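*Asks:* Sequence and predicted structure below; questions after.
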There are 2 protein chains.
Amino acid sequence: MATIRPQNAKGTRDFGPLESSRRNYIFDTIKKRFQSHGFMPLETPAVENLNVLTGKYGEEGDKLLFRVLNSGDFLKKVKPEDLEEKNLGAISAKMCDRGLRYDLTIPFARYVCANLNELALPFKRYQIQPVWRADRPQKGRYREFYQCDGDIIGTESLLSEVSLVEVYHDVFNDLKLDGVEIVINNRKILQGIASVLGVSDKLTDMTIAIDKLDKIGAEKVGEELLKRDFSEEQVARLSTLLTLEGSSDEKLSTIKEFLGEDEVGKLGLEELEFVLSNVRELGIENLVFDPTLARGLDYYTGCIFEVKLVDGSMGSIGGGGRYDDLTSMFGQKEKLSGVGISFGAERIYDVMLDRGLFEDISASVDFMIINMSDDDQKEYLQIARNFRAQGRSIEIYPTSAKMKKQMTYANKRGVKNVIFYGDQEKEQRILKIKDMETGQEKQESLA
Amino acid sequence: MATIRPQNAKGTRDFGPLESSRRNYIFDTIKKRFQSHGFMPLETPAVENLNVLTGKYGEEGDKLLFRVLNSGDFLKKVKPEDLEEKNLGAISAKMCDRGLRYDLTIPFARYVCANLNELALPFKRYQIQPVWRADRPQKGRYREFYQCDGDIIGTESLLSEVSLVEVYHDVFNDLKLDGVEIVINNRKILQGIASVLGVSDKLTDMTIAIDKLDKIGAEKVGEELLKRDFSEEQVARLSTLLTLEGSSDEKLSTIKEFLGEDEVGKLGLEELEFVLSNVRELGIENLVFDPTLARGLDYYTGCIFEVKLVDGSMGSIGGGGRYDDLTSMFGQKEKLSGVGISFGAERIYDVMLDRGLFEDISASVDFMIINMSDDDQKEYLQIARNFRAQGRSIEIYPTSAKMKKQMTYANKRGVKNVIFYGDQEKEQRILKIKDMETGQEKQESLA
């Protein structure tokens, strides 16, 4: 067999013991909080029929789908003329019936539609699974990465929004990630603003432009809107809103005044204030209103969220919002309103690593028994078994190698305590236990 | 947008809340036991370079690999003459640089080789992830399914084998899966038998034939061996070994006599007896010796394992063994001996479902607050928050709908307790809590 370089596919990663343990700590924290609100786990397959995936993520998204080659005679359905003309789109459509999951939202919508009769609505699920995108890999951007989503579908109740803000707050609190701000806005407020400005027909243009505010600044956003046939006056009036300073309440009152009697805008404000006030009553202080929050995705219709670090050291580490209809694409007639949030687990991991928040997380073992003699292995095994019965993790060094070799291993592996059970200890019926970090030794009598 | 059937790709499954919870219960039990022995988590990507995967699973395996189409111009490297001649192998090799993970063993070997300098040896990892095979789907056979593996690599110590038997035993014990038998044999014993029979050159033929014993019976195995140039006498002598009855110890003594002074065979017996006796000392009674256990895979060299149900209601629910060299294919010069086991999680799930062993596992929520009035939502939110702070999961019915609708939801969703907090309860500062299973009501005073 030829020798092969033991290399990962580009843009993919192995998660070794420590990294896995740290990532699982984040995932478990998120799961626990979702569960405490009655969210239930859902897992969908990595491989989906391509017709479920294509056309859902825009033209760019379609290009980034990983397609799985049909097995057997994959050329069977390909037309000769398409091959001749190298008509890539047509060829791949015939060669590949399946692709890799691109996000967790579409599979969730598919699941809901396929199981609507069995589901009690509202249905609340969390889902933590990898997704794949054929993107150019670069720092912090991978072809295989995890998404962590939670959604409540089948109710318009704003209690859902409150619940999701609680989950956000509590997860970051559990993770000891300080300086997190949960930003909220409402698409209906943006709609109201557009209406007051007289650009209701250009709402999408406006949303897309505002969404870039953080990246390109108010001036450039204005320029972009001018190109999109906004008038100087419209841009000027919008600019004052985009550059508002002050507290959430101050911003709210400015926006309220601006919206005046606009019906949709007022509804958006009401929704927002319901969430804001109820969350505050619960003692959660870091939900802030920002009328410039837009979120790129088309399907949002109500409250929208984004989670940021106050120090600005990282882009968004979470986001989400309310949607009115994710299910009609799968033939679901009655619209199902829902709201969901997502945790940017990969970025959360990076920030936590930066801040040293994984100190207590280890993949190591509590105890290792120093293997002093082949004759004593039976006893080592019994000691280890007793330790495990007490919920402690323990291993035995595999051979009676030199002490130095065993201690080197224990150090490299990060064993927390080593156990000596030599002649003297046998006689006294004790174990000598050495804490590898402090060097301190203590004794424990044999069970 | 055209309407799409909300359908899974063939051979794949969604795992809804209950199924996910049950599966996670199995996975968590396995993880916990591996961890207690010092095994560490490892995750490798779903997508691997194809050169890592091909040629590792035999010709049949290569056919069952899911290949991922290159993005961009996937025809770029394809030769026109291959296209013309529909040379499928050559074409797919040029169109697809990557494929989906086929098992967890090869990625594990790749990981070890790529990280050998950083790893403390022996390295013990567990890995629970899906794999993909382009098999024809049928009952119990999927294209996407989970494997659960644990391996110890970098030591020849038989303490590893003991450790793995303990893990097997304890996991099935935790899962309350009775009537499980862990069968052990040793490839060196098979080698010794072949040597005594004078068919050392036909060891693989013999192993492959014996491996079919369960399926086709001793007679057919004999016929197959005759076709492979075994003599009548050789087949007859082997047959007596294949049809041995009695306890592990009785079989051991027959085999011992048969092997006589054969060096390799004696070594195999020693290894086996070490594991058997040490495991027994630990009070584990369900490890049994069976000289007819062969295991299909080529790379096993020492102890081999298979886990079965005594009632024969299901094929093997686990298996594994010792190998001398999984890493040289990735250019690793010094051979790394290792031993691993695998849990057949999908089958374990089916047996447990059959036997009603998931009774205590639910995806539901501990409490639901009946939503009696929009005016009281602030209080519901606070009650829920207090409950969660005490580690209880709780949700609020999203709207003040009719009681019947709320109770119907609670029933369908499997809510464990509903909470009434109406005018009377408000006055008394209590919660009325109804157990949905027993119908019993109790009171709890408000915090």
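*Replies:* Sure thing, it's come through. Here the structure is a predicted model, which is why all the values come from computation and not from measurement.
*Asks:* List the buried residues in the host helix or strand of residue A:351.
*Replies:* Here residue A:351, judged by DSSP states H and E, is contained in helix A:345-354. For helix A:345-354, a neighbour-count test (16 or more other CB atoms under 10 Å in any protein chain shown) marks A:345, A:346, A:347, A:348, A:349, A:351, A:352 as buried. All C-beta atoms are positioned from the backbone trio N, CA, C, and that covers glycine.
*Asks:* That one packs against which elements?
*Replies:* helix A:17-36, strand A:144-153 (3 or more CB pairs under 8 Å, 6 or more residues apart in numbering or on different chains; DSSP states H and E).
*Asks:* and the ones you listed, which is most packed in?
*Replies:* strand A:144-153 (a mean of 23; mean count of other CB atoms under 10 Å in any protein chain shown).
*Asks:* Can I get the following helix or strand past it in CSV, CA atoms only?
*Replies:* Using DSSP H and E, the helix or strand that follows strand A:144-153 in sequence is helix A:159-174. Only the C-alpha atoms of helix A:159-174 are listed here, as CSV (Å, rounded to 0.1, in the frame of the first residue of the first chain):
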residue,chain,number,x,y,z
LEU,A,159,-43.0,35.1,25.3
SER,A,160,-40.9,33.1,22.8
GLU,A,161,-38.7,36.1,22.2
VAL,A,162,-38.3,36.7,26.0
SER,A,163,-37.4,33.0,26.4
LEU,A,164,-34.7,33.2,23.8
VAL,A,165,-33.2,36.3,25.3
GLU,A,166,-33.1,34.5,28.6
VAL,A,167,-31.3,31.6,27.0
TYR,A,168,-28.7,33.9,25.4
HIS,A,169,-28.1,35.7,28.6
ASP,A,170,-27.9,32.6,30.8
VAL,A,171,-25.6,30.7,28.4
PHE,A,172,-23.1,33.5,28.3
ASN,A,173,-23.4,33.9,32.0
ASP,A,174,-22.7,30.2,32.5
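*Asks:* next structured bit after helix A:159-174?
*Replies:* Counting by DSSP H and E, the next helix or strand C-terminal to helix A:159-174 is strand A:180-186.
*Asks:* Tell me the strands beside that following strand, with direction?
*Replies:* Using DSSP bridges, strand A:180-186 pairs in its sheet with strand A:287-289 (parallel), strand A:300-309 (antiparallel).
*Asks:* Dump the ones you listed to CSV, plus mean pLDDT and mean neighbour count.
*Replies:* Below are the strands paired with strand A:180-186 laid out as CSV (pLDDT from 0 to 100; neighbours: other CB atoms under 10 Å in any protein chain shown):
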stretch, mean pLDDT, mean neighbour count
strand A:287-289, 97, 21
strand A:300-309, 96, 23
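*Asks:* which residues touch the closest residue to chain B within the stretch 101-250 of chain A?
*Replies:* Closest residue of the stretch 101-250 of chain A to chain B, CB to the nearest CB: residue A:157 (3.3 Å). Neighbouring residues of residue A:157 by CB atoms under 8 Å, 6 or more residues apart in numbering or on different chains: A:122, B:398, B:399.
*Asks:* and those as a markdown table, adding secondary structure?
*Replies:* As requested, the contacts of residue A:157 are exported to a markdown table (DSSP: H, G, I helix; E, B strand; the rest coil):
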| residue | secondary structure |
| --- | --- |
| A:122 | coil |
| B:398 | coil |
| B:399 | coil |
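*Asks:* Take the helices and strands packed on helix A:345-354 and write them to a markdown table, including mean pLDDT and distance to chain B.
*Replies:* A markdown table is the format used below for the helices and strands packed on helix A:345-354 (pLDDT from 0 to 100; distance: least, CB to the nearest CB, whole Å):
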| stretch | mean pLDDT | distance to chain B |
| --- | --- | --- |
| helix A:17-36 | 98 | 3 |
| strand A:144-153 | 98 | 5 |
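*Asks:* and these as a markdown table, adding distance to residue B:27?
*Replies:* Formatted as a markdown table, the helices and strands packed on helix A:345-354 follow (distance: least, CB to CB, whole Å):
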| stretch | distance to residue B:27 |
| --- | --- |
| helix A:17-36 | 12 |
| strand A:144-153 | 17 |
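*Asks:* Tell me the gap between stretch A:225-238 and the middle of its chain.
*Replies:* 36 Å (CA atoms, centre = their mean, to the nearest Å).
*Asks:* in that stretch, what counts as buried?
*Replies:* For stretch A:225-238, a neighbour-count test (16+ other CB under 10 Å) marks A:225, A:230, A:234, A:235, A:237, A:238 as buried.
*Asks:* which of those residues sit farthest apart?
*Replies:* A:225 and A:237 (11.1 Å; CB to CB).
*Asks:* hmm, back to that, redo the strands paired with strand A:180-186 as JSON lines? Include distance to residue B:87.
*Replies:* Converted to JSON lines, the strands paired with strand A:180-186 look like this (distance: least, CB to CB, whole Å):
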{"stretch": "strand A:287-289", "distance to residue B:87": "61"}
{"stretch": "strand A:300-309", "distance to residue B:87": "49"}
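*Asks:* what's around residue A:85, how many residues?
*Replies:* 11 (other CB atoms under 10 Å in any protein chain shown).
*Asks:* for residue A:113, same thing?
*Replies:* Residue A:113 is flanked by 21 other residues according to other CB under 10 Å.
*Asks:* What backbone torsions are found at the residue of the stretch 101-250 of chain A closest to chain B?
*Replies:* Per-residue torsions, residue A:157: phi -60, psi 130 (degrees, to the nearest 10).
*Asks:* that older thread, counting neighbours, which of the contacts of residue A:157 comes out on top?
*Replies:* residue A:122 leads the contacts of residue A:157 on contacts (other CB under 10 Å) with 25 neighbours.
*Asks:* surely that residue meets residue A:156?
*Replies:* No - when contacts are counted by CB atoms under 8 Å, residue A:122 is not listed as touching residue A:156 (9.6 Å).
*Asks:* any idea how far residue A:374 lies from chain B?
*Replies:* Here the criterion is CB to the nearest CB, to the nearest Å. By it, residue A:374 lies 10 Å from chain B.
*Asks:* Now do the same contact list for that residue.
*Replies:* residue A:400.
*Asks:* try residue A:304
*Replies:* Contacts of residue A:304 (CB under 8 Å, 6+ apart): A:184, A:185, A:186, A:187, A:293, A:294, A:295, A:319, A:320, A:321, A:322.
*Asks:* Determine the three-state secondary structure at the last one.
*Replies:* Per three-state DSSP, the secondary structure class of residue A:322 is strand.
*Asks:* Show the contacting residues for it.
*Replies:* A:161, A:187, A:300, A:301, A:302, A:303, A:304, A:337, A:338, A:339.
*Asks:* Look up how far chain B lies from it.
*Replies:* 13 Å.
*Asks:* For that residue, name its beta-bridge partners.
*Replies:* Going by DSSP bridges, residue A:322 forms beta bridges with residue A:339.
*Asks:* So it versus residue B:353, what's the distance?
*Replies:* For residue A:322, the distance to residue B:353 equals 37 Å [CB to CB, to the nearest Å].
*Asks:* Could you do the third one as well?
*Replies:* According to CB to CB, residue A:186 stands 45 Å off from residue B:353.
*Asks:* Isn't residue A:196 up against residue A:264?
*Replies:* No - look at residue A:196 against residue A:264 with CB under 8 Å: they stay out of range, at 10.1 Å.
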